[in-house]
Every structure is written in structure tokens, then in C-alpha cells.
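1. Sequence below, structure please.
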Amino acid sequence: MEEARRSARSNNCDTCKLLYDLVEYFGVEEEKEITVDAPTYPRDTLTVSIYADLDEDDVVLDVFVPEGFESGHPLIRSSPNVKKVCSYSGDDDSFVKIKGWLEECQANHNNCNYEESTLPTRVIDVALEGNREPFLWETKGVTGQYATLSYCWGKSPQLKTTKGTLSEFTEALPTGDISLAALSAIEICKELRIPYIWVDALCIVQDDEDDWLREVGRMCDVYSSSYLTIAAAATSDNTHNIFCDQYFGSDQRIASFPFRGNEVYARISPFQDHLGHPLGLNFDHQYSDQLAEKSWLLRPSELPLVQRAWTVQERMLSKRVVYFTGEEMWWECDSWWYCECGMADEEKYLGDDQEKYPGDDEEKYADDDDDDYLRELSAVQEANRGSFDWLRDPNRKVPMTLDRAYHKWGQVITLFAAGDLTYANDKLPALSGLAHRFKAMLQERFNFEDTYLAGMWRRNFERQLLWVVSGHVPGVKFLTPRPQGTNIPTWSWMSVSGNVQFISDERDMDFKPRLRVLEVSTDLVSPDWAGRVTAGRLVLEGFVVHNLRLSAGPDPWDYAAKIEIPNSNSFASFNRDTSSNLERGPYTCMYAADLSGAEGMIDKLDLEAGNMFFVLKRSERIKNAYERVGMGVAALHFMTTGLWDEASKETLTIV
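-> Numbers count the residues shown, from 1 in each chain. Model prediction:
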């Protein structure tokens, strides 16, 4: 670094002076190693890397000029992957960017064709023209263009539509009382010339249960037909403004420098910030087990919105989403995936509209354009690339089999279950929109009809029963008591609050169900087949052992418990479903599946295979019925040796 200073002084080298100035600006000590890398591809620009000892103090700077400007140096240029981030997401430049994304999508993305659709039952007319205040409009089935808001309600009170205020709000909304989140969303619609917006707190009559259940049952259509979803990703409460200062656009991260009569920018590269970002790419090599929620909720404190269970269907059903975060704005649609800083541009979803930069090597994109590439995307990668089109649009080219569709449903559930709900009774309604869309997809793509059963599907029900609650995802959720008042049967993962994984899907093991489903049903609260239930009943035939005891009472926060194996000093471990207190016994175990072994062994046990088993207890609510308390996974057969010695085939009812 000292050489650059001397060269700038003695030889009047403006490049050396620029190098010295930008490194000094970002507070880098002189003894650190400085590496200057010329751009490799025409779409790249110069980078300056400052290394100390390869730790968090290291800095990589992108040196560039905005598009349409010149630097006076052939290696310092504009790049689609290096862009200036606005310092505040509510300024004029921010809206210019959003309008640009929206116009590009509307004009050039064949995959994102938008047609005006039937408006939701109620929308907010944002009053684009004249001096009128925004008001609630009963649409009566007319068509039009509208936006939707995705945000956290939080714990603060907010203005809601009730039976008592409905008539008043159709005249004018009291803008002084509207939550700041909704008010800033209305401002966004005005700037983008979108005439209407749907906000749940105001467009659903909150104290009318019939209206609430009916409108929540239409969430699939509300979000999938929206022109644009506005996601207040950085705010944890309705009282917060959607707009905020953006870290990537702050003076700490980006600065301008005079150079050869021009203005050159240097920014700290956001590459490290993108790794593991909840909206960022899911790099396969980052994680050993690639759990679905690792990308969506790896760093949840940064984006409160992704901690919300309702968000999952709002994101997956929306054709276009603009995210407002504390770092930068993000754009997601069925063709492209942008972040404001440009870092995501290299990793776009490669759909029908893919364009290549001049000078790119064709071979670089050969694998990406292959259908095999699209086929192998996981549900998380698709969530991160705006390509849940397999769910929204059955005519898109992403290949899909019926088995793979159900596999993806399991991954979606993993994402959903990791989210939080203020009201436990909202769990089924919060997934209702996705269930409706999934069922429609089965009909459209495969001409297949299936029955929905409290978050699960009848077709491969035996496999879907093989779920566990896991605590090995850091910083997401702890084991909790079973939520009360939901009436969701214990055989459904919906009955618990925790990280749910379908073991056969996550570990890709060759599971063989070893039980028969004789009967399964749920009783519904409303006509919405994906809505709340009053009860559920499951009748299984399989091998059963009764009168088992726990080896010791587990601590409430302990995910594992141990069941004693009769006539031995051994025990079999199982994952608890909840933190509810477990007495020593008695318990019943039912053999559920083998981790390997031959097909067609429903009528006998394979004691040489690893196995999975349900841990059940007698129901105190319903006579002659059982409730699930956990699931055991024995990877090797000797881990349950002796447990099944006294097993006999029986029929049990689980509620």
C-alpha cells in the first residue's frame, strides 16, 4: 500500500492515487495485503481485495461506474452484476428501479404474462386521481389490477375493518389511524400507478367469522392474481414504515471518488452477505444436509417477515414480489430474480427468457439450459429463484412427476412449519391457499384428484405419517407444548408447533411403509376443505406392542426420550412431538416403516432392517383411541432389538 502512495506522489499516477484513496476510505490498515484483479469477463469490473488473515476483517471492493457512464479507465466500467444501492428505499431512485423491474417483467417476460383478473371481494382504492382519501371498495366481481401486501402484524394494535366500521370505511379510510405498513404500501401503489391494494386487516371483516373463513379460503386467488406483492420484509410490526435506510447503500459500504474528470464508485462486495441470506441463493455446497428451512430461515433476525408462517403461501402464490429489506430491495418473478446490488444477476432462474451477456462462453450456460438442471432444483432453490411456477402454472417447462410433486409438498411443509403464528388456530387457514393451489395443480398437470387431510394428502399418506419434530436447526424453534384449541388430530404434523421434517424426504432413504391405512377422515368447520377442523380420525392396521414405559422422564426441552425394551436393560430412542410432560407409562409402539428391506412385507416384520415406529398413549378424550406423542427412527436393526418380540397385528384408532 505504501508503494501505491509513493507512486501517486512521485509519478503522478492517478490510478495509484485512486487505489490508495479508496482503501484508506474503507479504513484498511496499511500492512494488509492488497490484490487488484482485472475483470475476467466483459460483464465484470475491477476488484480490489484487502486481506488480513482471511477473517471477517477482509474486504473485497468492486470499483465501477453506473450504467451509461465512463470512468476513463478501460478496466473500471459498468457491470450488470455491480450496481449502486439506494441509501433509502423510499426515495425517487428506488421507485425508478422498481418501475424498471416491473416494466421489464411486463413487457419482456413471457413466463410472467399478466392479465387483469376478478378483484378480491374488497380492495382499497388508493385514490390515484383527485383529492379523495383512500377508501374500501366492495368490488362485486369486477376485474382490475391490484397489489397485495405481505407484512408482519406484530403485537401492536392496528386499524381493522369490523362489522361496525365497514360502512364508514367504504366512504373513506381514516388515514391518520391506518398502520404505517399499510399506509406506505398505499404510497407505493400510487407511485407505481396501481389503483387498488389488498391488505388483510382492512379487506377482511375481522370480527365476522363467516367472512374471515370465506376470505381466507380465497387467499390462493388473491395472491396468485395480484399484479404485484409488496413484501415488508424488514419490519416486525405494523407500526413500522416499509421504507428504511439501506445498509448496502450507506456511506459505510459505498463511496464515490473523482477520477480523470469522472466519478468512480467503490463498494464493499455483498457476496458474503448473500451467502445463507433468507432471500439469497441456496448454495448446495454450503450445508451437509441441505434442510429446506436453512436458506429461508438461516438468519431470521435479519428479515422478520420470513419468520411468519403466513408468508410462505404469500410468497409462493405471488407471480411478482418486491421485497423491502434493511440491506437492499429484491425482485422476484417467474422469469427473473434480482437484487438491487446486482449480485444475484449471475444466478437468475434460467427460464424461457434467459439472455446472455456479450462475450459469454456458450458452454458456461449449457448445463443451465438443460431440462435436467430445472428438474433437479429443490423446493428451496426454487423458492430462492422465483420458480414456484410448477405450482402456479402447470404449462411451464419445469419437468414434474406425480411422486416428485408430493416430495415437494413435504419440503414446502418444512418451510411452513418453521414459521410462527400468533394464533394457533390459524395454522390450517394459513396453509389453505397453498393447499388449494396444489390440488388444482394435480388436476391440471396430472388429471389427478386427491383428498386433503389436515395438511396431508391421501395418495401417499403412509409416507406422510413419517414426520418428526427436530431441534437441530440452530436458532429457529424449540420444542413447545401442543397448541390447544385447534382440534387438529395428533397424527398430523399440523398438531405441533416446531421444526417438522419428513425423514424419508430429507435423508432420501428407501423407506418401506409397514402398515395399512384402513380409514382416515377429518370433520370440517366450514365449506373450505382446507380450512379448520373439529376432529380427525385415523384407523391403522399394523404390528403393535403395548404396556411400555419410559426409562426416565425427559426434560421439557429435550427432543429425545427413551422407551424401555421389555426383558432387557436396553431402550429405544424416539423424537418427542411436544414438550408436554410425559409420564413413565404405559405407552404403545406401532411399527410404521422399514429403512430398507423387501417390498410387500406389510404382513410381517423385518427385524433385520432399521425401522420407524409411532409412540402412542391412550386418549383421555376419546374412548378406545390413541394419541401420538412421538416417532422413533432406528437407523440400524440392533437399536430396537427385542422391542418387537411380543408384537402382534392389531387395528388402532388415532385421534
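2. quick one: terminal-to-terminal distance for stretch 571-582?
-> One end of stretch 571-582 to the other measures 16 Å (Cα to Cα, to the nearest Å).
3. how far is that stretch from where the chain is centred?
-> Relative to the chain's own centre, stretch 571-582 is displaced by 28 Å; criterion: Cα atoms, centre = their mean, to the nearest Å.
4. what's next to that stretch, contact-wise?
-> Stretch 571-582 is contacted by residues 468-470, 478-482, 490, 495-498, 550-551, 553-554, 556-565, 589, 613, 615, 628-634, 639-640, 643 when judged by Cβ atoms under 8 Å, 6 or more residues apart in numbering. All C-beta atoms are positioned from the backbone trio N, CA, C, and that covers glycine.
5. Where does pLDDT dip in the stretch 501-650 of the chain?
-> Where the stretch 501-650 of the chain drops to pLDDT under 70, the residues are 504-510, 553-557, 596-604, 606.
6. mind checking how far the residue nearest to residue 541 when sequence neighbours are not counted is from residue 534?
-> In space, residue 541 comes closest to residue 516 once its chain neighbours are excluded; the distance is 4.3 Å by Cβ to Cβ, 6 or more residues apart in numbering. With distances taken as Cβ to Cβ, to the nearest Å, residue 516 is found 26 Å from residue 534.
7. With neighbour numbers in mind, choose between the two.
-> A count of neighbours by other Cβ atoms under 10 Å puts residue 516 above the other of residue 516 and residue 534, at 14 against 10.
8. How about the contacts made by residue 75?
-> Going by Cβ under 8 Å, 6+ apart, residue 75 touches 38, 39, 45, 46.
9. 6 Å instead, please
-> For residue 75, the set of contacting residues under the criterion of Cβ atoms under 6 Å, 6 or more residues apart in numbering consists of 38, 46.
10. Double-check that it belongs to a strand.
-> No. Under DSSP: H, G, I helix; E, B strand; the rest coil, residue 75 falls outside any strand and is assigned coil.
11. Kindly provide the distance from it to residue 39.
-> Using Cβ to Cβ, we find residue 75 at a distance of 6 Å from residue 39.
12. Could you report the neighbour count for the nearest residue to residue 615 once chain neighbours are set aside?
-> Nearest in space to residue 615, with sequence neighbours left out and distances taken as Cβ to Cβ, 6+ apart, is residue 630 at 4.2 Å. Other residues near residue 630 come to 25 when the count uses other Cβ under 10 Å.
13. Is residue 630 in a helix, a strand, or coil?
-> strand.
14. how near is it to residue 161?
-> Applying Cβ to Cβ, one obtains 43 Å for the distance of residue 630 from residue 161.
15. Check residue 523 too.
-> 30 Å.
16. Show me which of the two is the more surrounded one.
-> When neighbours are counted by other Cβ under 10 Å, residue 523 and residue 161 differ, and residue 161 comes out ahead with 24 against 12.
17. Doesn't residue 575 lie inside a strand?
-> Yes. Assignment of residue 575 by three-state DSSP places it within a strand.
18. and the residue lying closest to it once chain neighbours are set aside, how many residues sit next to it?
-> Closest residue in space to residue 575, ignoring its immediate chain neighbours: residue 468 at 4.4 Å, by Cβ to Cβ, 6+ apart. Around residue 468 there are 23 other residues, counting by other Cβ under 10 Å.
19. Am I right that the residue nearest to residue 541 is in contact with residue 543?
-> No. With contact defined as Cβ atoms under 6 Å, residue 516 and residue 543 do not form a contacting pair (11.1 Å).
20. if we can go back for a sec, list the residues that contact the residue nearest to residue 575.
-> Taking Cβ under 6 Å, 6+ apart, one finds 501, 503, 575, 631 in contact with residue 468.
21. now swap in residue 266 and tell me
-> Applying Cβ under 6 Å, 6+ apart to residue 266 gives the contacts 22, 61, 63.
22. Give the other helices and strands that the longest strand along the chain contacts.
-> Selection of the longest strand in the chain by residue count, based on DSSP state E, yields strand 533-548. Of the remaining helices and strands, those touching strand 533-548 by 3 or more Cβ pairs under 6 Å, 6 or more residues apart in numbering; DSSP states H and E are strand 516-524, strand 587-594, strand 648-654.
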